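> With the sequence up front, the predicted model follows.
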Amino acid sequence: MTREEFLAEIDQLVDLAPGTLKGPEELDSLEEWNSTAMIGLIALADTNNRVRLSPRQIAACSTVTDLLKLAGVEA
Amino acid sequence: MQAGVAALEYYLPEKVLSTGDLTAEFPDWNAEKIDRKTGIRERRIAAPDECSSDLAAAAARKLFASGACRPEDIDYLLLCTETPDHFVPTTACIVQDRLGIPRTAGALDFNLGSSGYIYGFGLAQGLISTGQASRVLLLTADVYSRFVHPRDRSVRTIFGDAGSATLLTAEEAAEPLIGPFVYGTDGRGAANLTVPAGGMRLPHSAETAIDVEDEGGNVRSLDNLYMNGGEIFLFTLDVVPEIIDRLLKKAGVDISQIDSFVFHQANQTMLDHLRKRVGIPPEKFQVSLAHCGNTVSSTIPIALKDAVAAGRIPQGGLVMLVGFGAGYSWGATLMRWRGV
């Protein structure tokens, strides 16, 4: 899954139009970034990248780019 | 002797808590999103004076009314609940008396959550195959709504109350009608799905009743149900594919030979992901929680009954049952559906 595809999936998780998120956005600034979105992210990384993300790791992320790095989408 | 399922019924309390009711109460909760993510449009909530014994007995009465058997035919009663009527005595004893099950019958409660139905099958199989019982009434019942804080969206949108009744009888059969069984337990996950206060470790007190708001805006006290949804999801990703693989190997069957899959109905998001992860075709995968929510140990019998009623489980079909939840505790088995 490409960076853009992964970003579009995160857009969907937080109820934004595809193409909205670019990476630098602060997670705290996203209204729909919550435990439900977190579960969706765990599923996304598991399905597409076979990466197992823990809630603790996700909670330590500040930005969308941090999530991409954690999921192995961005170095 | 082999144990086989001879009858199955469930009971839902009358009061409906719809997603619309929740969003009317909390306008900042998004109804469309709740419905889409949870797959739940309605939850049933037990009346204030309605307890687990009432839900279990109501389900059992439906089963007796169906003509499957009479109360006096039952020689063992198993009741799975995490919300017993009392600490003492066992709720199964109260239900035995209320249903008119003979005094010569055995009866016990076992405390398990969403894995409970599988463990109940395992216990019933053991009782029947060793000749200790010939007609086991397996009941599940919970009133989780009693534990749920009204302002905790993480659990209030998901859980509902229900009871189920399954009759397992001794059968002369060349091959097992249920089984084999595989189990799993990991108490390291105990704190991720729990009601911290109210037992002997931490009795109810003024301190345990203090409401605290978490970072997601959900409110609960130590007297309420707490669920760490992320950790629970991670746990299911770890154990569900593994236990299915273990069950298939133990049974010596290929996944393509399974006609129907009935998992614990946790929520839509989790079910969708597990189905795809394991590689189960949607037409073989039962989803039945929109009308009642996650009813803990009753979800599997409810989904099974609904699938049968809708003609989605073929006569003689091989059905896989998978339960997972609080504890952590999990289990899986196979059953041959004979059309009850």
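Yes, it's here.

> okay, and for the chain, where does confidence drop off?
Picking chain A for this. Within chain A, the ranges that satisfy pLDDT under 70 run A:75.

> ah, I was thinking of chain B
In the predicted model of chain B, residues B:339-340 satisfy pLDDT under 70.

> Just the closest residue of it to chain A, please.
Here the residue of chain B nearest chain A is residue B:230; by CB to the nearest CB that distance is 3.2 Å. Yep, even glycine has a C-beta here, placed from its N, CA and C like the rest.

> Touching, that residue and residue A:58? I think so.
Yes - counting by CB atoms under 8 Å, residue B:230 does reach residue A:58; the two are 7.1 Å apart.

> Mutual contacts of those two, please.
Listed as contacting both residue B:230 and residue A:58 by CB atoms under 8 Å, 6 or more residues apart in numbering or on different chains are A:38, A:42.

> Now do the contacts for the closest residue to residue B:205 other than its chain neighbours.
Among residues not flanking residue B:205 along the chain, residue B:197 sits closest, at 7.5 Å (CB to CB, 6 or more residues apart in numbering or on different chains). By CB under 8 Å, 6+ apart, the residues touching residue B:197 are B:203, B:204, B:205, B:208, B:221, B:222, B:223.

> and these, which are buried?
With neighbours counted by 16 or more other CB atoms under 10 Å in any protein chain shown, the contacts of residue B:197 contain buried members at B:221, B:222, B:223.

> can I get those in a markdown table with secondary structure and distance to chain A?
Listed next are these as a markdown table, based on DSSP: H, G, I helix; E, B strand; the rest coil; distance: CB to the nearest CB, whole Å:
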| residue | secondary structure | distance to chain A |
| --- | --- | --- |
| B:221 | coil | 19 |
| B:222 | coil | 19 |
| B:223 | coil | 21 |
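
> Between those residues, which sits nearest residue B:321?
Within the buried ones among the contacts of residue B:197, proximity to residue B:321 (CB to CB) peaks at residue B:223, which comes in at 32.5 Å.

> Would you mind measuring from the residue lying closest to the residue of chain B closest to chain A once chain neighbours are set aside to residue A:14?
Using CB to CB, 6+ apart and skipping residues adjacent in sequence, the residue nearest residue B:230 is residue A:55, 3.2 Å away. Per CB to CB, to the nearest Å, residue A:55 is found 16 Å from residue A:14.

> Close to chain A: what parts of the stretch 151-300 of chain B are there?
Along the stretch 151-300 of chain B, the residues adjacent to chain A under the rule CB under 8 Å from any CB of the partner chain are B:154, B:216, B:228-231, B:233-234, B:237, B:269-270, B:273, B:276-277.

> when you check the residues you listed against the helices, which ones overlap?
Counted as lying in helices by DSSP state H, out of these, are B:154, B:229, B:230, B:231, B:233, B:234, B:237, B:269, B:270, B:273, B:276, B:277.

> Could you identify the buried members of those?
By neighbour count, with 16+ other CB under 10 Å, those hold B:154, B:229, B:230, B:231, B:233, B:234, B:237, B:269, B:270, B:273, B:277 as buried.

> Can you tell me the centre-most residue of chain B?
residue B:297 (1.6 Å; CA atoms, centre = their mean).

> so what's the nearest residue to it once chain neighbours are set aside up against?
Excluding the flanking residues, the one nearest residue B:297 by CB to CB, 6+ apart is residue B:116, at 3.5 Å. By CB under 8 Å, 6+ apart, the contact set of residue B:116 is B:80, B:110, B:140, B:296, B:297, B:323.

> Return the closest of the residues of the stretch 151-300 of chain B next to chain A with respect to residue A:18.
Distances from residue A:18 to those, taken by CB to CB, are shortest for residue B:269, at 19.4 Å.

> Find the nearest non-adjacent residue to that closest one, please.
Leaving aside its chain neighbours, residue B:269 sits nearest to residue B:37 (5.4 Å; criterion: CB to CB, 6+ apart).

> if I look at the one you found, how far off is residue B:285?
Separation of residue B:37 from residue B:285 (CB to CB) stands at 18 Å.

> Could you give me the buried positions within stretch B:235-253?
Quick answer for stretch B:235-253 (16+ other CB under 10 Å): B:235, B:236, B:237, B:238, B:239, B:240, B:243, B:244, B:246, B:247, B:248, B:251.

> Just give the number of residues close to residue 50.
All of this is about chain A. Residue A:50 has 8 neighbouring residues, counting by other CB atoms under 10 Å in any protein chain shown.

> You answered for a different chain; I wanted chain B.
The burial count for residue B:50: 18, using other CB under 10 Å.

> what's near enough to touch it?
Here residue B:50 is in contact with B:13, B:143, B:161 (criterion: CB under 8 Å, 6+ apart).

> want to throw those into JSON lines with secondary structure and neighbour count?
What follows is the contacts of residue B:50, written out as JSON lines (DSSP: H, G, I helix; E, B strand; the rest coil; neighbours: other CB atoms under 10 Å in any protein chain shown):
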{"residue": "B:13", "secondary structure": "coil", "neighbour count": "21"}
{"residue": "B:143", "secondary structure": "coil", "neighbour count": "28"}
{"residue": "B:161", "secondary structure": "coil", "neighbour count": "30"}
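
> Hmm, the residue nearest to the centre of chain B is touching residue B:142, no?
Yes - in this structure, residue B:297 is within contact of residue B:142 by CB under 8 Å, at 6.2 Å.

> anything in contact with each of those two?
The contact sets of residue B:297 and residue B:142 overlap at B:81, B:82 (CB under 8 Å, 6+ apart).

> gap between the one residue in chain A that gets nearest to chain B and residue B:228?
Nearest residue of chain A to chain B: residue A:55, at 3.2 Å (CB to the nearest CB). Per CB to CB, residue A:55 is found 7 Å from residue B:228.

> Could you check which of those two is surrounded by more residues?
residue A:55 (20 against 17).

> sorry, back to before: now the contacts of residue B:50 as CSV including distance to residue B:173?
Conversion of these to CSV gives the following (distance: CB to CB, whole Å):
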residue, distance to residue B:173
B:13, 36
B:143, 37
B:161, 35
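
> Could you list the domains of chain B?
Domain ranges of chain B: B:2-171, B:178-336, per automatic domain parsing.

> Going along the chain, name the helices of chain A.
Using DSSP H, the helices of chain A run over residues A:3-13, A:35-44, A:55-59, A:64-70.

> for those, which one ends up most surrounded?
Neighbour counts (mean count of other CB atoms under 10 Å in any protein chain shown) averaged over each of the helices of chain A peak at helix A:35-44, with a mean of 22.
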